[in-house]
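Trainee: here is the input, now give the coordinates:
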Amino acid sequence: MKKQLLAILLLISPALVLANEGGANLDKAQIDPANQESLQRGARTFVNYCMGCHSAKYERYNRLARDLGISETDVIDNLIFTGAKIGDTMKIGMQSKDAKKYFGAAPPDLTLIARRRGADWLYTYLRTFYLDDSRPFGVNNKVFDKVGMPDVLWELQGWQKPVYETVTDVNGNKHQKLVEVKLVRQGTQSPAEFDRTVRDLVNFLTYMAEPVKLQRQALGVKVLLFLFVLFIITYLLKKEYWKDVH
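Mentor: Residues are numbered from 1 along each chain as shown. Below you'll find the model as predicted:
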């Protein structure tokens, strides 16, 4: 029994670590992977604000067009700015060696980031940058302390400042704890509009991490229905075959 319990704890511990990384409570993203309009807006935000540094090298433009209900012509005209072809993957022009020189480390590919971090983490992360003069890009993040990424969405959201409270640890030492971030200068979008923008972006990132999720879920329902019908048929056959056995 103890060995079984230990095995279960080992299996769930990585998920617990990721869920609590940064020590901040996560906001619910409440994304809808079936909402194509949301995915389209998210793709637009991704291309305009993220692909300057981050690639999505496991996602193809023509796959995106098919899944999101966009014509290939619209994708070429509105989502491809690098001269790539419709059948190419969503790579960027910046080389890894140059990115490392600019940022200290090459920005990660974002195709599978939602599977690693989770939608709630990404939604909270993108909304909780705050001003911090001690950081190279002048910002820090509530869920990713000492983040090395600039706040690329600051024009939309505006600027936020941290709110601290003094807490006493178990040893009686007092220190400052970040409790929230407060908007002090609004950007081009209202808070509600910005939340929707981030939700759409996270929705798109989640789609890229598993493009066949909706099909997989639909197939799973069909398989369960098939197994249920098969069980009934098998049970009736069993009763018929064994009805004369005493």
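Trainee: hmm, Arg185 is touching Gly158, no?
Mentor: Yes - counting by Cβ atoms under 8 Å, Arg185 touches Gly158, with 4.7 Å between them. C-betas here are computed from N, CA, C, even on glycine.
Trainee: the two: which has the busier surroundings?
Mentor: Gly158 (18 against 11; other Cβ atoms under 10 Å).
Trainee: where in the protein is pLDDT low?
Mentor: The model of the chain has pLDDT under 70 over residues 1-24, 246.
Trainee: can you give me the strands for it?
Mentor: For the chain, the strands defined by DSSP state E cover 56-60, 89-90, 129-131, 139-141, 158-168, 174-186.
Trainee: domain map for the protein?
Mentor: 24-211, 219-246 (automatic domain parsing).
Trainee: highest mean neighbour count out of those domains?
Mentor: Each of these was assessed for mean neighbour count using mean count of other Cβ atoms under 10 Å. The highest is domain 24-211, with a mean of 17.
Trainee: could you measure the closest residue to Thr89 other than its chain neighbours against Val47, distance?
Mentor: Using Cβ to Cβ, 6 or more residues apart in numbering and skipping residues adjacent in sequence, the residue nearest Thr89 is Lys57, 4.9 Å away. Separation of Lys57 from Val47 (Cβ to Cβ, to the nearest Å): 14 Å.
Trainee: residue contacts, the residue nearest to Thr89?
Mentor: Residues counted as contacts of Lys57 (Cβ atoms under 8 Å, 6 or more residues apart in numbering) are Thr89, Met90, Lys91, Asp109, Thr111.
Trainee: pretty sure the first one contacts Glu59?
Mentor: This points to Thr89. Yes - Thr89 lies in contact with Glu59 (Cβ under 8 Å); the separation is 6.4 Å.
Trainee: please save the CA atoms from stretch 33-47 in CSV.
Mentor: Output of stretch 33-47 as CSV, limited to C-alpha atoms (Å, rounded to 0.1, in the frame of the first residue of the first chain):
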residue,chain,number,x,y,z
PRO,A,33,-11.0,25.8,-28.0
ALA,A,34,-14.2,25.5,-30.2
ASN,A,35,-14.5,29.2,-30.6
GLN,A,36,-12.9,29.9,-34.0
GLU,A,37,-13.3,33.7,-33.8
SER,A,38,-11.3,33.6,-30.5
LEU,A,39,-8.6,31.4,-32.1
GLN,A,40,-8.4,33.8,-35.1
ARG,A,41,-7.9,36.8,-32.9
GLY,A,42,-5.4,34.9,-30.8
ALA,A,43,-3.4,34.0,-34.0
ARG,A,44,-3.4,37.6,-35.0
THR,A,45,-2.0,38.7,-31.6
PHE,A,46,0.5,35.9,-31.6
VAL,A,47,1.9,36.9,-35.0
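Trainee: give me the contact list for it.
Mentor: Residues outside stretch 33-47 that contact it (Cβ under 8 Å, 6+ apart) are 31-32, 56, 64, 67-70, 78-79, 81, 110, 197, 199-207, 213-214.
Trainee: try it again with 7 Å
Mentor: Here stretch 33-47 makes contact (Cβ atoms under 7 Å, 6 or more residues apart in numbering) with 32, 64, 68-70, 79, 197, 200-201, 203-204, 206-207, 213-214.
Trainee: same check on stretch 176-195?
Mentor: By Cβ under 7 Å, 6+ apart, the residues outside stretch 176-195 that reach it are 127-128, 130, 142, 154-167, 197.
Trainee: do I have it right that Asp67 meets Val212?
Mentor: No - taking contacts as Cβ atoms under 7 Å, Asp67 lies outside contact range of Val212: 9.1 Å.
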